[in-house]
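A.B. asks: Would you be able to build a 3D model of this:
(one chain, ligands or ions: 1)
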Amino acid sequence: MRHVIEELERRRDEALAGGGARRVGAQHAKGKLTARERVELLLDKGSFEEFDMYVEHRCSDFGMEKQKIPGDGVVTGWGTINGRAIFVFSKDFTVFGGSLSEAHAAKIIKIQDMALRMRAPIIGLFDAGGARIQEGVAALGGYAEIFRRNVEASGVIPQISVIMGPCAGGDVYSPAMTDFIVMVRDTSYMFVTGPDVVKTVTNESVTAEELGGARIHTTKSSIADIAFDNDVEALLQLRRLIDFLPANNTSGAAHWPSFDDVDRVEPSLDTLVPDNANKPYDIKELIEKTVDERDFFEIQGAFAGNIVTGFGRIDGRTVGFVANQPMVLAGVLDSDASRKAARFVRFCDCYDIPIVTFVDVPGFLPGVAQEYGGLIKHGAKLLFAYSQCTTPLITVITRKAFGGAYDVMASKHIGADVNYAWPSAQIAVMGAKGAVEIIFRQDMDDKDKIAALTKSYEDRFLSPFVAAERGYIDEVIKPRETRLRIARALAMLRSKTAEKPWRKHDNIPL
Ligand code: HXC
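C.D. replies: Numbers count the residues shown, from 1 in each chain. A predicted model of the protein is given here:
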């Protein structure tokens, strides 16, 4: 037995060495951790159970039969995050650049299948050079098997991808089909074809960072949801994100003990909305004062800042927040904001995470660029996403709810369960100035008359009561009581059941 155990330890040590000290040193010199160091940081201490440590590729072309490294460039297994089971694969850049072979793909596929069978989240850590060039089509087949499993698991178990180095070619499409993409600033990049191919095909000169770095993907393309400064911060924040998510689509929202009183009132919210309707205020202050312990995890914070999306907890249970942000473009809905919020709403609905929507929206953004850019279709995505929700929906209108944007932002009419308004709410087809300019166009030269008409429009329509008189608003609430009113509504809505007619799947505008 001693002999066999020694052999086991020798083989284990060989696998744990990855691509060897020189390549591990090069990895550290770039400011990156190794695949196993990342897994150790991500999971609870000592909880990682590794699978397939001894798997090797079966390629015999280009001298590969002489180059075999146990593990074949990816570390796979499962462990726990704050006690909850998580499946993980972590690309090992020190072994053949983390490139994907048939055997490497089979390891990932095994973990994907197990995560789905166990109905537990899966996290992929990416740091790789794409398909194993020596293997050719076997690698392509492996990628497609992974993609198909990403799609099968979508909406059943949370899938998260973290880009911690190169992520190019075949590696990009698996993350693209997962729920969230996290990137590390300066050391990670994502693109289908790299700078050299771009130069050859389009004659554009760009660096890897300019083409697909964290800044581009969190601010411009919106491919990535969030970025962090280094591996350690990214992995620790990932643990925080996982704590907000359910294990699967039937387990119900995650629940953690809260030390924050659900009945807490926030008198400062009574003065959050400025007297001047054109003055901005920070909607994140409302979110932070509403959630437990001010703990808000923002998603896509660097993209389309005119809408805020993210997770918080109320009474210990996860809630998704969608809120117009008056600080950016006056909180207007444009194509980017609509797409961003639509994807977030659909994520929450998949996993039965209740959604709280804070509304202060002057309408959809007018303009040629918006119309040419497909505003109708992108706006429809958000309308569609809210309308198909079966998860509890609570809406609070803090100030403006104008025009089509009123309908879209989780109005009663498209299925919200509880709709509140603050006394400062203005629910109307449009603002008073615009309305009067249209209705009384012939009187525009008479300044006094226009001022009087504008005032009377404001008095009649720019309040929550016209909507409340019709039952479109369930109650006009005091700002200071927002948290406790939402908490009560959430408790009532926990037994919500909503049946939808059978269909193969919907046809959301894409
Ligand atoms: C085999 C690879 C590899 C690959 C890197 N390596 N990529 N081995 N297949 N795809 C190996 C290198 O030979 C090297 O081995 C080690 O990994 C580290 O690579 P370096 O080039 O030294 O590292 P660095 O300078 O940091 O550059 C990283 C890189 C570069 C930018 C990722 O390696 C690169 O451009 N690789 C090729 C990328 C690529 O074209 N992939 C194919 C995409 S096509 P040694 O032994 O020296 O340490 C694709 C199609 C699939 O993916 C489509 C499916 C839908």
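A.B. asks: got the residues of this structure near the ligand?
C.D. replies: Within the chain, the positions adjacent to the ligand are 23, 96-97, 99, 129-133, 140, 143, 166, 168-170, 173 by C-beta under 6 Å from any ligand atom. From N, CA and C alone the C-beta is placed, and that goes for glycine too.
A.B. asks: so Val359 bridges to which residues?
C.D. replies: Per DSSP bridges, the residues bridged to Val359 are Ile397.
A.B. asks: Let's see the helix or strand that contains Thr309 as CSV, backbone CA atoms only.
C.D. replies: Element membership for Thr309, per DSSP states H and E: strand 307-314. Extracted C-alpha coordinates of strand 307-314, given in CSV (Å, rounded to 0.1, in the frame of the first residue of the first chain):
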residue,chain,number,x,y,z
ILE,A,307,-30.8,52.9,-15.6
VAL,A,308,-29.5,51.1,-12.5
THR,A,309,-29.7,47.3,-12.1
GLY,A,310,-28.5,45.1,-9.3
PHE,A,311,-29.2,42.9,-6.3
GLY,A,312,-30.0,43.7,-2.7
ARG,A,313,-31.8,42.0,0.1
ILE,A,314,-34.9,42.8,2.1
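A.B. asks: Which residue is the nearest non-sequential neighbour of Glu50?
C.D. replies: The shortest distance from Glu50 to any non-neighbouring residue, by C-beta to C-beta, 6 or more residues apart in numbering, is to Gly77 (4.1 Å).
A.B. asks: ok, Gly301 to Val182 distance?
C.D. replies: Relative to Val182, Gly301 is positioned 12 Å away (C-beta to C-beta, to the nearest Å).
A.B. asks: for the one helix or strand Ala467 maps to, the distance to its chain's centre please.
C.D. replies: Per DSSP H and E: Ala467 is located in helix 465-469. Taking C-alpha atoms, centre = their mean, to the nearest Å, one finds helix 465-469 lying 35 Å from the centre of the chain it belongs to.
A.B. asks: now for the next helix-or-strand element following it, which elements pack on it?
C.D. replies: Using DSSP H and E, the helix or strand that directly follows helix 465-469 along the chain is strand 475-476. Of the remaining helices and strands, those touching strand 475-476 by 3 or more C-beta pairs under 8 Å, 6 or more residues apart in numbering; DSSP states H and E are strand 418-421, helix 465-469.
A.B. asks: ranking those by mean pLDDT, which is last?
C.D. replies: Comparing mean pLDDT over the helices and strands packed on strand 475-476, the weakest stretch is helix 465-469, at a mean of 92.
A.B. asks: what does that one contact?
C.D. replies: Ala421, Ala425, Ile427, Ala428, Arg460, Ile473, Glu475, Val476 (C-beta atoms under 8 Å, 6 or more residues apart in numbering).
A.B. asks: returning to that earlier point: just the ones of the residues of the chain next to the ligand in helices?
C.D. replies: Applying DSSP state H to those, the entries found in helices are Arg23, Leu140, Tyr143, Tyr173.
A.B. asks: Quick check: of these, which lies closest to the ligand?
C.D. replies: Tyr143 (4.3 Å; C-beta to the nearest ligand atom).
A.B. asks: That closest one - how many residues pack around it?
C.D. replies: By other C-beta atoms under 10 Å, the residues close to Tyr143 number 19.
A.B. asks: any idea how far Pro175 is from it?
C.D. replies: Applying C-beta to C-beta, the value for Tyr143 to Pro175 is 12 Å.
A.B. asks: And the helices in the stretch 51-200 of the chain?
C.D. replies: Counting by DSSP state H, counting those that start in this stretch, one finds helices in the stretch 51-200 of the chain at the ranges 102-118, 137-153, 173-176, 195-202.
A.B. asks: Show me how the chain divides into domains.
C.D. replies: Per automatic domain parsing, the domain ranges recorded for the chain read 2-244, 267-425+463-493, 432-462.
A.B. asks: Verify the stated contact: Phe347 with Thr178.
C.D. replies: No - shown here, Phe347 and Thr178 do not form a contact pair, counting by C-beta atoms under 8 Å, at 10.8 Å.
A.B. asks: neighbour count winner among those two?
C.D. replies: Counted by other C-beta under 10 Å, Phe347 and Thr178 do not tie: Phe347 has more neighbours, with 21 against 18.
A.B. asks: if we can go back for a sec, just flag the most distant two among the contacts of helix 465-469.
C.D. replies: The most widely separated members of the contacts of helix 465-469, counting by C-beta to C-beta, are Arg460 and Glu475 (20.9 Å).
A.B. asks: and Leu272, how far is that from Pro280?
C.D. replies: For Leu272, the distance to Pro280 - C-beta to C-beta - is 11 Å.
A.B. asks: Please apply the same query to Ala214.
C.D. replies: With the distance defined as C-beta to C-beta, Ala214 ends up 28 Å from Pro280.
A.B. asks: so where's the stretch 1-150 of the chain shaky on pLDDT?
C.D. replies: Across the stretch 1-150 of the chain, nothing is flagged by pLDDT under 70.
A.B. asks: For the helix or strand where Cys348 lies, which outside residues touch it?
C.D. replies: Per DSSP H and E: Cys348 is located in helix 335-350. Applying C-beta under 8 Å, 6+ apart, the external contacts of helix 335-350 come out as 154-155, 179, 222, 249, 299-300, 303-304, 306-307, 309, 320, 322, 353-355, 370, 373-375, 378-379, 381-382, 384-386, 388-391, 408.
A.B. asks: Which members of these are positioned in helices?
C.D. replies: With DSSP H as the criterion, helices contain Gln370, Leu375, His378, Gly379, Lys381, Leu382, Phe384, Ala385, Tyr386, Val408 from among the contacts of helix 335-350.
A.B. asks: can you pull the contacts of the first one?
C.D. replies: What that stands for is Gln370. Asp334, Ser335, Phe364.
A.B. asks: confidence score at it?
C.D. replies: Note on Gln370: pLDDT of 96.
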